[in-house]
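S.K.: Predicted model, plus sequence, below.
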Amino acid sequence: MIVTKTKRVIYGNEGKVVPKGIEVDLAKRDIYIQDSLNGEEEILNFTGIIIEDKQIFVSFPKQYIPNKKDISSDIELLLATLIRHKQENQDLYINKSINLKTNFPFNAFSEIFDYYKKYGVYKEDNTKIQKGYSGKVAWKNTIQSSKKVISKNGLIFLPLQIKIIDRKDTLLSEFMIYAIDYTLELFYTLWKKPLINGYILQKKYINNKAYVIEQLHSIEKNLYKDMHKRLVSSLIDFYENITSGGQYFIKHYSFNSIWEDMVEKYLNYNFIGVDNKKLRFQISLHKRNNFKKSIFYPNLVNKSQNIQPDHYLIDDEFQYIFDSKYYNEINGINYKQIVYYFCLKNYQLGSLKHRQTINALILPGNSRQQIHFQFNPTYNNDESDFYIIECYLNIKDVMKAYTRS
């Protein structure tokens with residue numbers, strides 16, 4: 001029986017004080033110092049996971065409330081979100097426009113595990129032909145080698161030649177199982193997933209990566225199906241980038257970019273309109289809107305200057321101008337939304353002439369809404385219909401929607 005190690009899990013939230021009891025080593029950029037009534041406090045500056053021998057530390061996104069009784073599901077959702085965003089925005093990560101640091105090949109493992117969930121462990125089919133009377137008949141072999149017997153029912157071939165397919169593990173199978181089991185054992189505390197064949201870990205492929213990579217390159221030359229080639233490519237990526245022992249981590253220092261993309265998908269699938277100065281949503285598996293980041297050039301004096309609302313949509317009734325804000329809270333007036341309104345309130349796209357412009361700030365929070373700004377008539381009596389909504393979406397629900405399809 002293979003015994004996996006259970007590690008203690010400590011968690012906190014980006015933008016909040018570093019929790020007590022944390023034993024993992026934090027890098028300098030993982031925290032920043034903030035003055036408070038209690039003096040200087042260390043504040044978490046990333047979203048991600050750090051794994052060491054005895055402890056796992058998780059920094060959840062801002063306003064994320066994990067389920068203490070099922071913390072593994074929350075961590076799995078966090079990993080799925082980070083991996084999905086990297087897969088969908090690879091150019092940004094390659095160009096380092098988005099700040100993600102990791103020393104574990106999560107993306108490669110995800111592709112390997114996806115193959116396993118769809119097809120199982122890689123096996124090669126060895127076909128044998130033998131005499132018999134049940135099973136799949138190999139007619140070509142039967143006609144060529146069996147005796148022909150004439151009966152009242154016609155021509156009979158005796159004996160029949162039966163095709164037997166024997167599916168066997170190969171070296172590629174071992175490399176695949178090792179990569180999966182090594183990862184599942186490392187993350188056992190988080191995922192509680194059973195190993196495929198824990199005994200294979202005794203082969204210590206992790207300490208002989210050069211041999212494994214050489215063999216994988218050799219195997220790749222003899223594969224023809226794209227799905228098998230992708231599997232080998234992912235395995236090569238995994239073994240090239242995995243390290244043996246020490247601290248493993250995945251840290252995202254610009255989760256605001258993920259929040260913006262998640263909000264856009266959430267709006268495009270679930271937003272159904274505005275009622276009583278509140279955004280209305282209805283969960284859907286099908287895309288119903290086309291919100292997108294848009295660029296406008298409203299300055300006649302300097303035509304290169306522009307404004308860029310995060311989520312913009314216009315139809316023959318409403319113009320929606322929404323901005324994602326990855327904040328714990330909003331302090332002060334959001335001037336940008338006011339500028340957007342006055343620059344775009346009379347904007348017309350082709351024949352579309354909207355009746356009203358709706359402005360909103362979308363933040364992670366506890367599923368509530370309130371008015372962020374509305375003119376005091378003492379200062380402006382002409383824009384009584386203008387208001388800015390603060391909409392707080394449950395970030396866990398948004399992450400689930402983002403990773404669902």
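M.R.: It's in. Numbers count the residues shown, from 1 in each chain.
S.K.: all strands for the stretch 51-200 of the chain, in order.
M.R.: For the stretch 51-200 of the chain, applying DSSP state E, counting those that start in this stretch gives strands covering 55-60, 100-102, 124-132, 136-137, 147-151, 154-158, 160-168.
S.K.: Out of the ones you listed, which gets the lowest mean score?
M.R.: The stretch with the lowest mean pLDDT among these is strand 160-168, which comes in at a mean of 57.
S.K.: Return the alpha-carbon coordinates of the longest helix along the chain using CSV.
M.R.: Taking DSSP state H as the criterion, the chain has its longest helix at helix 71-88. Written as CSV, here are the backbone C-alpha positions of helix 71-88 (Å, rounded to 0.1, in the frame of the first residue of the first chain):
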residue,chain,number,x,y,z
ILE,A,71,-11.0,23.4,1.0
SER,A,72,-9.7,21.0,-1.7
SER,A,73,-12.6,22.0,-4.0
ASP,A,74,-11.7,25.7,-3.6
ILE,A,75,-8.0,25.0,-4.3
GLU,A,76,-8.9,22.9,-7.4
LEU,A,77,-11.1,25.8,-8.7
LEU,A,78,-8.3,28.2,-8.1
LEU,A,79,-5.8,26.1,-10.0
ALA,A,80,-8.3,25.5,-12.8
THR,A,81,-8.8,29.2,-13.2
LEU,A,82,-5.1,30.0,-13.3
ILE,A,83,-4.5,27.2,-15.8
ARG,A,84,-7.5,28.2,-18.0
HIS,A,85,-6.4,31.8,-18.2
LYS,A,86,-2.9,30.9,-19.2
GLN,A,87,-4.1,28.4,-21.8
GLU,A,88,-6.4,31.1,-23.4
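S.K.: Tell me the gap between it and the middle of its chain.
M.R.: If you compare the mean C-alpha spot of helix 71-88 with that of the full chain, they lie 5 Å apart, counting by C-alpha atoms, centre = their mean, to the nearest Å.
S.K.: Name the residues that touch it?
M.R.: With contacts defined as C-beta atoms under 8 Å, 6 or more residues apart in numbering, helix 71-88 is touched by 9, 11, 47-49, 58, 60-61, 64, 66-67, 93, 100, 106-107, 110, 189-192, 250, 252, 257-258, 261-262, 396, 399-400, 402-403. For the C-beta atoms, the positions are set from N, CA and C on the backbone; glycine is no exception.
S.K.: In contact with Tyr326, which residues?
M.R.: Tyr326 makes contacts with 61-62, 255-256, 259-260, 363-364, as judged by C-beta under 8 Å, 6+ apart.
S.K.: right, I mislabeled it, should have said Val24
M.R.: By C-beta under 8 Å, 6+ apart, the contact set of Val24 is 10, 50-52, 55-57, 247.
S.K.: What of Asn328?
M.R.: Residues 15-16, 62-63 are the ones in contact with Asn328 under the rule C-beta under 8 Å, 6+ apart.
S.K.: Between those residues, which sits nearest Leu231?
M.R.: Using C-beta to C-beta, Lys62 is the member of these that sits closest to Leu231, with 36.7 Å.
S.K.: can you pull the contacts of the residue lying closest to the closest one once chain neighbours are set aside?
M.R.: For Lys62, the nearest residue in space outside its immediate sequence neighbours is Gly15; the separation is 4.8 Å by C-beta to C-beta, 6 or more residues apart in numbering. By C-beta under 8 Å, 6+ apart, the contact list for Gly15 reads 43-44, 62, 328.
S.K.: and the residues you listed, which of them are in helices?
M.R.: When DSSP H is applied, the contacts of Gly15 are split such that none fall in helices.
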